[in-house]
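Enquirer: For reference, the sequence and a predicted model appear below.
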Amino acid sequence: MFNEKHRAKFNTVPPYSFELTVHKPAGWWWSTPNEIFENDVLWTTARFNTRLYGLRLHSTGTRLKQTVHCKIFSDKRMSSREKGDITCAVKRALRVEEDISEFYTIAQKDKILREPVDDLCGMRTPAWPELFPALILAVTLQMAPMKRSNQMMDLLIENFGDKICFDGRTIAHWPSPEKIAGLTAEELKAKAKIGYRAQNLISIAQRLREGFPTADILWKMSPDEAKKELMTLRGIGDYSADIVVPGMGFPLDVWSAKIFSILLFGKEPESPRGAIPELKKAAEERWGRWRGYAFVYVLNDLPRISKRLGVDLTHF
DNA sequence: GCGTCCAGGTCTACC
DNA sequence: GGTAGACCTGGACGC
């Protein structure tokens, strides 16, 4: 039985939008695809140190002075250390303490970002509460259209995930590394239809179980160091590492390469995959360490950017 | 209905 | 160090 065991309150560095941070316009979730967001309240789940918790989050105030309120639900007693650790992890994943004023200064002078930062004022980039779900996302996005990636993720959660009931809601959560590490590739392929990715996911789960740097440790590294570490995992290359790395890289795939090629160079690339290195370089030169923010703001504002440009960027 | 093609990357063998 | 080819699966497409 999951009951409320702890409460916390987070002040935010303005501008901050709780709604846009946890419930992105493009449809991305904050912790699990099955979380519920209703009337500015998020019911979600997260696993810390092998234990699953229920979270109820909501905000008060305006984007210039916003507070996020968090209730933590557990089926076991929580020590004060556990409460402190989880509170820190949730706070970090909400990015409430991040000062993005430098990004806004750059964006307001930038032809591509000027309007998206107005449209999505206060939105923060993803900072996955847990490492393994972010790696599952990256692996299932590889070589597959979005519909198929969603099918793989849904089947992984349905067949190997965990479900908890708290605060009147039932939420299904991602499988644990322990669960996936114990499966055979044949079983994973048959039940989750993830094909050749099965062996990669099992290998990643085994590395995590055997002592891969935790999210805490990765956050303490420089982005380059963390990315290098992530790329030692089987099946995690440049693109996947950019999705998972703390602070968000610039994870260009052939879909987003077409969009950024139009925005940065004014035309569709002849070879989207071939254009990726050049586009990454251009983004780094233009937006520096804020390129991850540029990526997320553009891809979450495509309908409005398309309307302004008179070019449909949503059809790729 | 059936066959073919290929996708929102990564790894490996080969040069 | 650069690059072609293989990799699961299922949806889209042509016939």
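Expert: Great, that's in hand.
Enquirer: The helix or strand harbouring residue A:187 close to DNA strand C?
Expert: Under the criterion of DSSP states H and E, residue A:187 resides in helix A:185-192. Yes - interface with DNA strand C: helix A:185-192 contributes A:189-190 (CB under 7 Å from any atom of the strand). Placement of C-beta: from N, CA and C, glycine included.
Enquirer: Flag every buried residue along that helix.
Expert: In terms of neighbour count (16 or more other CB atoms under 10 Å), helix A:185-192 has its buried residues at A:185, A:188-189, A:192.
Enquirer: so where do the strands sit in chain A?
Expert: Taking DSSP state E, the strands of chain A run over residues A:3-11, A:36-38, A:41-48, A:51-62, A:65-74, A:162-166, A:169-173.
Enquirer: helices or strands next to the third one in the packing?
Expert: Just to be clear, that refers to strand A:41-48. Using 3 or more CB pairs under 8 Å, 6 or more residues apart in numbering; DSSP states H and E as the contact criterion, the neighbours of strand A:41-48 among helices and strands are strand A:36-38, strand A:51-62, helix A:80-94, strand A:169-173.
Enquirer: Tell me the one among the buried residues of helix A:185-192 nearest to residue A:30.
Expert: Distances from the buried residues of helix A:185-192 to residue A:30 were compared by CB to CB; the smallest belongs to residue A:192, at 22.6 Å.
Enquirer: quick one: contacts for residue A:44?
Expert: With contacts defined as CB atoms under 8 Å, 6 or more residues apart in numbering, residue A:44 is in contact with A:22, A:29-32, A:35-36, A:54-55, A:57, A:171.
Enquirer: Adding pLDDT, distance to residue A:201 and neighbour count as columns, could you present those residues in CSV?
Expert: Below are the contacts of residue A:44 laid out as CSV (pLDDT from 0 to 100; distance: CB to CB, whole Å; neighbours: other CB atoms under 10 Å):
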residue, pLDDT, distance to residue A:201, neighbour count
A:22, 98, 26, 26
A:29, 96, 19, 18
A:30, 97, 22, 21
A:31, 97, 19, 24
A:32, 97, 17, 20
A:35, 97, 22, 21
A:36, 98, 26, 13
A:54, 98, 25, 25
A:55, 98, 25, 23
A:57, 98, 29, 25
A:171, 98, 22, 22
